[in-house]
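Student: my questions are about this predicted structure, shown below with the sequence.
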Amino acid sequence: MVNNQLITLLHYVLSDVVFPSFCANCGKLISNSDYAVCNICRNMININIKNYTGEYIFSLEEKIHGKRKWFLDDGVWLFKYEEPITELMYSMKFKHHKSIAKLFAEYCINAINLKKWQFDYITYIPVSKERLWKRGFNQSEVIARYINKINCYNLTKLFYIKNEKVAQKKLNSNERFINTYHKFDIVSDYYKNINNKSFLIVDDVYTTGATINECARLLKIHGARQVYACIIAYAMLKEMI
């Protein structure tokens, strides 16, 4: 009992005194927690789920892209890409507040449970070698790992970027689809594990859907039974507004 009390006291001293935490959104000093956001900012996070219907996620997409084949069987888009989500995304990616990924993972798990999906593997969208080197981690992978840690799915690195093309953010909506075609491939060791299996793909931000659709296409042409997507935030490109 005494040892447990000492451990608790030591944890308090280290977390709240020696290494205090600040809210990743507003900067307010908070008691050290797993999430790095204060209660006020967490209450500001309004979940605004978009569900996949087998067609375009947004009404303007079909006018912009024309008729395109979509390979997802189902998906959820959790938040509109606006404050405080934009600030939390920025803090996670560029200030290395990886604990924010755990917060996002909990929202993902709630959505997965609500959808009652059954899948064999959970995977994530890869990032370029340059971005991985600069940032030090792949934010979608970190979120997927938290989801896997909490619910014990089979986490697998399925995709890699075989053609380092122009960054998506520099392109317009139609160019994004062209840019992603044959940009990705599946890690060779896993080709034999795809046929008749179901997959969940995790990604951080959706704009045109080009990336998630290409990865879903790869899985389907190699025999995947079902492909689901769980994406944290959705945003329209400026040209779409």
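Tutor: Happy to help now that I have it. From a predicted model like this one, the values you see are computed outputs, not experimental measurements.

Student: helices along the chain, start to end?
Tutor: 2-12, 39-44, 61-65, 85-94, 99-115, 129-135, 139-151, 173-180, 210-221 (DSSP state H).

Student: give me the neighbour count for S188.
Tutor: A total of 8 residues lie near S188 under the criterion other C-beta atoms under 10 Å. C-betas here are computed from N, CA, C, even on glycine.

Student: ok, it to L158 distance?
Tutor: Counting by C-beta to C-beta, to the nearest Å, the separation of S188 from L158 is 11 Å.

Student: where does the protein dip in pLDDT?
Tutor: For the chain, the stretches flagged by pLDDT under 70 are 1-20, 31-35, 46-68, 165-179, 236-241.

Student: need the helices of the chain in CSV (columns: mean neighbour count and distance to S198).
Tutor: Below are the helices of the chain laid out as CSV (neighbours: other C-beta atoms under 10 Å; distance: least, C-beta to C-beta, whole Å):
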stretch, mean neighbour count, distance to S198
helix 2-12, 9, 40
helix 39-44, 14, 32
helix 61-65, 14, 25
helix 85-94, 19, 28
helix 99-115, 19, 12
helix 129-135, 12, 27
helix 139-151, 20, 15
helix 173-180, 18, 23
helix 210-221, 21, 9
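
Student: looking at the ones you listed, which is closest to F71?
Tutor: Nearest to F71 among the helices of the chain is helix 210-221 (3.8 Å), distances taken as C-beta to C-beta.

Student: by contact count, what packs against that closest one?
Tutor: helix 173-180, strand 184-186, strand 198-206, strand 226-234 (3 or more C-beta pairs under 8 Å, 6 or more residues apart in numbering; DSSP states H and E).

Student: quick one, the last one and helix 210-221 angle?
Tutor: Just to be clear, that refers to strand 226-234. Angle, strand 226-234 to helix 210-221, by axes from the mean of the first three to the mean of the last three C-alpha atoms, to 10 degrees: 170 degrees.

Student: tell me which strands strand 226-234 pairs with, and in which orientation.
Tutor: Next to strand 226-234 in the sheet, as set by DSSP bridges, lie strand 74-80 (parallel), strand 198-206 (parallel).

Student: okay, those in JSON lines with mean neighbour count and distance to N138 next?
Tutor: Compiled in JSON lines, these are given as follows (neighbours: other C-beta under 10 Å; distance: least, C-beta to C-beta, whole Å):
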{"stretch": "strand 74-80", "mean neighbour count": "21", "distance to N138": "19"}
{"stretch": "strand 198-206", "mean neighbour count": "23", "distance to N138": "9"}
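
Student: for those strands, which one sits closest to Y90?
Tutor: Nearest of those (C-beta to C-beta): strand 198-206, 11.2 Å.

Student: quick one: contacts of the closest one?
Tutor: Identification of contacts with strand 198-206 by C-beta atoms under 8 Å, 6 or more residues apart in numbering yields 57, 77, 81, 89, 108, 112, 117-125, 139-140, 143-144, 147, 153, 158, 211-212, 215-216, 219, 224-235.

Student: with just CA atoms, put it into CSV.
Tutor: C-alpha atoms of strand 198-206 as CSV (Å, rounded to 0.1, in the frame of the first residue of the first chain):
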residue,chain,number,x,y,z
SER,A,198,-11.7,-7.1,-45.1
PHE,A,199,-9.7,-4.0,-44.3
LEU,A,200,-10.0,-0.7,-42.5
ILE,A,201,-7.9,2.2,-43.8
VAL,A,202,-7.2,5.2,-41.4
ASP,A,203,-6.4,8.6,-42.7
ASP,A,204,-6.2,12.1,-41.2
VAL,A,205,-7.7,14.5,-43.7
TYR,A,206,-10.0,14.1,-46.7
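
Student: perfect, I'm done here.
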